[in-house]
Structure formats: structure tokens, C-alpha cells
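Undergrad: When you get a sec, could you give me coordinates for this:
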Amino acid sequence: QVQQVESGGGLVQAGGSLRLSCAASGSISRFIVGWHRQAPGKQRELVAVLGREGPGGGYTVDYADSVKGRFTISRDDAKSRVYLQMSSLEPEDTAVYYCNVKGVYEDYWGQGTQVTVSS
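TA: So this is what the prediction gives:
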């Protein structure tokens, strides 16, 4: 079983940046990793997802339309870490952000980290 701990959230002004980190307790190399968020009164939504390393060394990546060009997801399998670099933050990005590690039979979630963007 993999357990994750998110960190890096906080209060930032609109236009600012934050880098979220997700530290996993075990190897994540065989899993798809992602970040999701949930704003007050709203359903949890996918922010970014990053696949496993492919045969040619590349990765499949996808972003929610609302964050494309502003957020970047990355992974360091050697350190069992997942990151989300967030730039040009907007008040609409305010939410609890969750790290997700997903396999064929596994679906692990962290406790979340709060991101608040002030206008």
C-alpha cells in the first residue's frame, strides 16, 4: 500500500506561484499519478495527470483546460515524489489539492493541502 503526504499549500496573492509536493511511502514507478482539487461546495475535479514512463522515456500528461499553460505536473520516481508547479494563480484555483496514485487495482489518496488565492 502507498500512502501520500501533500505539502506546499498556503495563501498566495493572485498572479503568484506555489509548488505542491506529494511524498509517497513506497515506489510509485508503476502508477499513474495525478493532482485533483476540491473547492468548497464543488465536486472534486482532476487538475493534472501524468502516466508512467514509456519505452522511449516519454510520459503521457494531461491537464484540465482551466489550468493549461499555468500548471505543470512532474514526478521523480527515484524519490517517490509527485509535484505540481502552479503559476499565475487565480482566486478560482482556491481549493484543497489532493495527490492521487493509481494502478490497475489500486487507488490511493493523500489528505490534501489547502491552497488559497486572494484577489
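
Undergrad: Can you spell out which helices and strands pack onto the helix or strand harbouring Gly34?
TA: For Gly34, the element it lies in under DSSP states H and E is strand 32-38. In terms of contacts (3 or more C-beta pairs under 8 Å, 6 or more residues apart in numbering; DSSP states H and E), strand 32-38 is packed against strand 18-24, strand 45-50, strand 71-76, strand 81-86, strand 95-102. C-beta here means a position set from N, CA and C on the backbone, and glycine is covered the same way.

Undergrad: if we go to 6 Å?
TA: Packed against strand 32-38 by the contact rule (3 or more C-beta pairs under 6 Å, 6 or more residues apart in numbering; DSSP states H and E) you find strand 45-50, strand 95-102.

Undergrad: so where is the protein shaky, pLDDT-wise?
TA: Applying pLDDT under 70 to the chain flags no residue at all.

Undergrad: What's opposite Ile73 in the beta bridge?
TA: Legend: beta-bridge partners of Ile73 under DSSP bridges are Leu84.

Undergrad: Equivalent analysis for Leu18, please.
TA: Beta bridges link Leu18 to Met86 when assigned by DSSP bridges.

Undergrad: Cross-check the contact I'm expecting between it and Leu84.
TA: No. Assessed by C-beta atoms under 6 Å, Leu18 is found out of contact with Leu84, at 8.4 Å.

Undergrad: re earlier: nearest to Ile28 among the helices and strands packed on strand 32-38 would be which one?
TA: strand 95-102 (5.6 Å; C-beta to C-beta).
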